[in-house]
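**Student:** pasting the structure only:
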């Protein structure tokens, strides 16, 4: 149930806009809506979410109210929100996430610093603006698709984003995302994902009604959180002293690099023991990670600038080599990329992407984000 509710939050926060281009083309309509959502200070609405297939008698449905207020300095969700349904409530006030289960009379109160580690993996479906701009647009750009105006209604556009290069490993036959955009408010009032695989159709649909953009009572909505007195409250973490900061996503420097030997894109095996004389910048990335794609130009520049001074940049990924190969070609990546297995990812304790290791003399001297602004400075200090 949490998965479906938080998936709803994700799409509400990522696909709404307050300004819009007057150019009536499918690409302009959709991209303007997605980009301009940053200018939205907040909104409230009645919403419904359905999950199922073509059979209307076999659908999961949930409805409730949703309020969102943007807080640019919030590094977790990019704002605070309140999702209220009959059975569940999800409230984030920029300090805590409250997951209220009315059926079980239980409240999970998660400290902000532990939202990523509290055992609720689908929390990541509702991420801040940085995730949107880095993740969604590059993901679309790296895949073959068509954009068309499926319907031009008197008051709405329906945009069809159809992926044309489908994943044969999952036997995908059709993959479409439909965005219904209100012409007057320039707001996406319906968002439907339709996937056909092995003859079976699954849809996920978000409908928004009674939308109020930038409501004047936003502060009142979030002024207080009323917790039922007879509900059991679980705190995460259980002790405040254990709360990690953002650096907890990365392993400590000063430990030996885990040995590896993996094939590159040409099938040639590259092993750590053969690279002892070089300073290595290992970039752990995946094709669907927007932050990873955003870091590629910087890593390419570092490779070109310091290759002759002893630096070797190497990408390390774990899945979808065909998609990775296409990205490498499109982005003009010249440094090697190795395909590892999931066991290596776990052994390296990779919790966030992109993660980079700077390795010198077989030892990890730096572990952090591939988008760290001080990365070049750290590299220079170790060359």
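**Tutor:** Everything's here; your move. Given the structure is predicted, the values throughout are model-derived calculations rather than measurements.
**Student:** CA atoms for contacts and neighbours, from now on please.
**Tutor:** Noted.
**Student:** buried set for the helix or strand residue 60 falls within?
**Tutor:** Here residue 60 is covered by strand 59-70, with elements defined by DSSP states H and E. Residues of strand 59-70 classed as buried by neighbour count (16 or more other C-alpha atoms under 10 Å): 62-70.
**Student:** which residues touch it?
**Tutor:** Defining contact as C-alpha atoms under 8 Å, 6 or more residues apart in numbering, one finds that strand 59-70 is touched by 13, 40-53, 78-86, 218, 221.
**Student:** once you drop chain neighbours, what's closest to the residue lying farthest from the centre of the chain?
**Tutor:** Distance from the centre of the chain peaks at residue 277, with 36.7 Å (C-alpha atoms, centre = their mean). Nearest non-adjacent residue to residue 277, counting by C-alpha to C-alpha, 6 or more residues apart in numbering: residue 361, 7.1 Å away.
**Student:** ok, now residue 25?
**Tutor:** Of all residues beyond its chain neighbours, the one nearest residue 25 is residue 149 (7.3 Å), with distances taken as C-alpha to C-alpha, 6+ apart.
**Student:** if we can go back for a sec, the residue farthest from the centre of the chain is in what secondary structure piece?
**Tutor:** Counting by DSSP H and E, no helix or strand carries residue 277.
**Student:** which residues in this structure form helices?
**Tutor:** Counting by DSSP state H, the chain forms helices over residues 2-14, 26-36, 129-131, 137-141, 218-221, 290-306, 321-331, 342-347, 375-381, given from the N-terminal end onward.
**Student:** I'd say residue 295 and residue 370 touch.
**Tutor:** Yes: Residue 295 sits in contact with residue 370 when judged by C-alpha atoms under 8 Å, with a separation of 6.1 Å.
**Student:** what is the burial count for residue 155?
**Tutor:** Residue neighbour count, defined by other C-alpha atoms under 10 Å, stands at 10 for residue 155.
**Student:** before we move on, back to that, the strand holding residue 60 pairs with which strands, parallel or anti?
**Tutor:** strand 42-52 (antiparallel), strand 79-85 (antiparallel) (DSSP bridges).
**Student:** show me what contacts the residue nearest to residue 25?
**Tutor:** Residue 149 is in contact with 25-26, 157-160, counting by C-alpha under 8 Å, 6+ apart.
**Student:** in the stretch 251-383 of the chain, where is pLDDT below threshold?
**Tutor:** For the stretch 251-383 of the chain, residues meeting the criterion pLDDT under 70 lie at 290.
**Student:** if we use 90, what do you get?
**Tutor:** Applying pLDDT under 90 to the stretch 251-383 of the chain flags the ranges 251-254, 276-277, 286-295, 319-324, 326-327, 329-331, 342, 346, 349-354, 368-374.
**Student:** all set, thanks.
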